[in-house]
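Visitor: Dropping the sequence and predicted coords here.
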Amino acid sequence: DDAPTSPTEPLAPFPPVSSRSRTAELYGFVALSTTYVLFAVYVLWALLPSGALETVGIRWYPDREWALRIPAWTLVAVLLAYSTHLAIALHRTPPLSSPSTLSGPCAHPRALALPAPPPAWRSAPPTTYDVPITLVNHALLRRPPA
């Protein structure tokens with residue numbers, strides 16, 4: 001059936017029927033709904049007095065101090081993860097006096113005069129090269145290369 005999918009054709013399905021799966025949308029809706037329900041239960045458990053919970057039929061529930069402990073422990077765990085990641089990144093960073101901050105093991109010094117690229121590569125972006133620090137000093141500070 002190659003029926004037209006136009007709003008001017010009264011028998012055509014509009015909008016067009018899609019063959020893609022809607023499973024991800026369903027899982028997202030269920031996850032969002034479950035999150036809202038669990039948050040509502042958490043807030044009711046934390047704020048309602050014990051008598052109100054017992055009239056509903058809930059006889060056992062965790063101690064109310066966990067209403068503060070769980071968010072506090074979660075916040076501390078997240079902050080500890082961020083600070084640990086930052087500390088590891090700073091530990092692995094070489095000092096500014098290290099030669100590895102100027103050039104890496106995969107660097108290719110760029111010549112001052114490059115030959116013209118082949119015609120097929122004229123629209124391609126140029127290759128990236130590391131420029132030696134002596135040439136940078138010569139160009140910016142007018143110091144002769146060592």
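Guide: That came in fine, so what should we check first?
Visitor: Going by C-alpha atoms from here, please, whenever you check contacts or count neighbours.
Guide: Will do.
Visitor: Strands along the protein, start to end?
Guide: Along the chain, no segments are classed as strands by DSSP state E.
Visitor: ok, residue 42 - contacts?
Guide: residue 67 (C-alpha atoms under 8 Å, 6 or more residues apart in numbering).
Visitor: hang on, I meant residue 141
Guide: Applying C-alpha under 8 Å, 6+ apart, no residues contact residue 141.
Visitor: Please report the distance of it from residue 99.
Guide: 20 Å (C-alpha to C-alpha, to the nearest Å).
Visitor: tell me the helices in this protein, going along the chain?
Guide: Remark: helices assigned in the chain by DSSP state H are 23-47, 50-56, 66-92, 133-141.
Visitor: May I see these arranged in JSON lines, with distance to residue 127 as well?
Guide: Shown next, in JSON lines, are these (distance: least, C-alpha to C-alpha, whole Å):
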{"stretch": "helix 23-47", "distance to residue 127": "41"}
{"stretch": "helix 50-56", "distance to residue 127": "69"}
{"stretch": "helix 66-92", "distance to residue 127": "28"}
{"stretch": "helix 133-141", "distance to residue 127": "18"}
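Visitor: Output those as JSON lines; include the columns mean pLDDT.
Guide: Below are the helices of the chain laid out as JSON lines (pLDDT from 0 to 100):
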{"stretch": "helix 23-47", "mean pLDDT": "94"}
{"stretch": "helix 50-56", "mean pLDDT": "90"}
{"stretch": "helix 66-92", "mean pLDDT": "95"}
{"stretch": "helix 133-141", "mean pLDDT": "81"}
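Visitor: Near residue 129, how many other residues are there?
Guide: By other C-alpha atoms under 10 Å, the residues close to residue 129 number 12.
Visitor: Need phi/psi at it.
Guide: Torsion angles at residue 129 (phi, psi; degrees, to the nearest 10) stand at phi -130, psi 160.
Visitor: Quick check, pLDDT for it.
Guide: pLDDT recorded at residue 129 is 73.
Visitor: swap in residue 21?
Guide: 77.
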